[in-house]
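J.: fold the stuff below for me.
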Amino acid sequence: MGKQIILNAFEMNSSMHNSHGLWKHPENKRQRGYKDLDYWINLAKLLEKGKFDAVFFADVLGIYDVYRNSKEPSIRDGLSVPSNDPALLVSAMASVTENLAFAITVSTTYEAPFGNARRFSTLDHLTKGRIAWNVVTSYLPNAARNFGLQDMIKHDERYDIADEYLDVSYKLWEQSWEDGAVVENVEQNTLIDPDKVHEVNHEGTYFKVEGPHLSEPSVQRTPVIYQAGTSERGREFAAKHAECVFVGGPTPERIRYYADDIRKQAKKHGRNPENIKIISFLSVIVAETTEQAEQKFEEYNSYWSTDAAKAQFGASGYDIAEFEEQDQNEPFEYKTKTEGGHYKAATLTKDAPKQQQTVGEVLNRFESLDRSSYIVGNPQQVADAIQYQFEQSGVDGFNLNHLVTPGDLEDFINLVIPILQERGLYKKEYQQGSLREKLFAKGNSTLPDDHPARKFRKVLHESK
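T.: Sure, this is the predicted structure:
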């Protein structure tokens, strides 16, 4: 059997996610349902029916306020606000599923590693090893101010903090507790062998943590590490730490460039590139006929919010409103460098479908759904396009975006997945085991020996 597609549902515990203005669509249940536990329970059941590998929860810690130097456009159109904590959904969704996994986004810039390590150990226990951590460094100026900072920490320093944050986390998960520390010896009145639980005594540039970790080792010890970042620093970080990396690009060739670079850098860190899965984004509008799919696209387009799209682009650190007063025929280019999300800025320059665009062409991209970013068609056409993207880009899977929930997911599951299964591109049954075992099929729930976290286990064993 050849390589099969890994598929995650791209989600957020909020009223809207990457579906600017679509909250107005009469069949969109997200706005009314996202704060209702039954909504998420039903979604979990639907995704497991479709054999999805995971639901991937994005998250932010502030409001997009770069566009027009204002929070109003984001608040008015529900751009990632209101937004609730995604981690609190996992236990309920896990209780009605057996195989669906959960990737939770948590920033290394603002939350302390000790509490975060306990959060993920707890979730990994409760889900029996179905947890992943999407490591982000946060790019919103409002998030920095929400956590007491006047200005955002610079882009590359955020990755320096993340590097040390991961080291602290690895020490807590991999080094603090030995296997077999919980002995439950009634005769000796000993639940836990104190000689097998250790302080980590981390003292670094950004963190000082004594330990020990409060949670006993979970199924995976360290959750599966997800990361998204196409900047040079982001790719280097991913090559060192990540097991699943999200990359974007306008063409399969550009995506392959990023994927190859990450795998090449992984070798420099002593890692086997096969221990890294590359995931890209997938946006689909499907119906039983091509005509119906095109009608659906136009219907969705009629609800589109230009302001919300421009506000989200503020993640780049650039206010697109500043270009609205320029000559529309001028070449589009950034005059300065920002500390925002480099990947977002690149979508209009080096990762744009057309390398040199005019200001007018760039601004026009925000006016409607970007047709070039969507696969629109009947089930056969959509399956063909997915297969082409999968084979030409060299990725291992996709994060599936959806505009109207749950209808778009239901259509994809009912219309497209059976065709992918017939072609051998998508699983008909889940593999057994933890998320890490499902992804890498090596019969081991814990990290492989080539991962940098394993050095902390080695320290533990060498000290015995």
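J.: show me what contacts the residue lying closest to Val197 once chain neighbours are set aside?
T.: Excluding its sequence neighbours, the residue lying closest to Val197 (Cβ to Cβ, 6 or more residues apart in numbering) is Pro212, at 5.0 Å. No exception for glycine: its C-beta is placed from N, CA and C like everyone else's. Residues near Pro212 by Cβ atoms under 8 Å, 6 or more residues apart in numbering: Leu172, Ser176, Trp177, Val197, His198, Glu199, Val200.
J.: again with Asp260
T.: Asp260 neighbours (Cβ under 8 Å, 6+ apart): Gly394.
J.: ok, back up a step: can you tell me the SS state at the residue nearest to Val197?
T.: coil (DSSP: H, G, I helix; E, B strand; the rest coil).
J.: count the residues that sit near the closest residue to Val286 other than its chain neighbours.
T.: Spatial nearest neighbour of Val286, chain neighbours left out: Val382 (4.7 Å); criterion: Cβ to Cβ, 6+ apart. By the criterion of other Cβ atoms under 10 Å, Val382 has 25 neighbours.
J.: now the closest residue to Gly270 other than its chain neighbours: which helix or strand?
T.: Distance criterion Cβ to Cβ, 6+ apart; nearest residue to Gly270, sequence neighbours excluded, is Asp450 at 5.9 Å. Assessed by DSSP states H and E, Asp450 sits outside every helix and strand.
J.: quick one: Asp450 from Glu274, how far?
T.: Counting by Cβ to Cβ, to the nearest Å, the gap from Asp450 to Glu274 is 10 Å.
J.: between the two, which has more neighbouring residues?
T.: Asp450 (15 against 12).
J.: who's in contact with the nearest residue to Pro448 once chain neighbours are set aside?
T.: Leaving aside its chain neighbours, Pro448 sits nearest to Asn275 (5.4 Å; criterion: Cβ to Cβ, 6+ apart). Counting by Cβ under 8 Å, 6+ apart, Asn275 touches Glu243, Ala266, Phe440, Pro448, Asp450, His451.
J.: pull the most distant pair out of the residues you listed.
T.: Ala266 and Phe440 (14.1 Å; Cβ to Cβ).
J.: have a look at those two and say which one is more surrounded.
T.: Neighbours around Ala266 and Phe440, counted as other Cβ under 10 Å, are more numerous at Ala266. The numbers are 24 against 18.
J.: for Pro217, phi and psi?
T.: Dihedral angles of Pro217 (phi, psi; degrees, to the nearest 10) stand at phi -60, psi 130.
J.: now do the strands in this protein.
T.: With DSSP state E as the criterion, the chain has strands at 6-12, 54-58, 101-107, 131-136, 182-185, 190-192, 202-203, 208-209, 224-228, 244-246, 277-286, 375-377, 397-401.
J.: measure the residue nearest to Ile419 when sequence neighbours are not counted to Glu184 for me?
T.: Distances taken as Cβ to Cβ, 6+ apart put Ala383 closest to Ile419, at 4.1 Å, once the chain neighbours are dropped. Relative to Glu184, Ala383 is positioned 52 Å away (Cβ to Cβ).
J.: how about Phe456?
T.: Applying Cβ to Cβ to Phe456 and Glu184 gives a distance of 26 Å.
J.: who has more neighbours out of those two?
T.: Phe456 (19 against 7).
J.: what residues are up against the more buried one?
T.: Asp167, Tyr170, Lys171, Glu174, Gln175.
J.: list the ones among those that fall in helices.
T.: Asp167, Tyr170 (DSSP state H).
J.: in terms of distance to Phe313, which of the contacts of Phe456 ranks first?
T.: Asp167 (33.3 Å).
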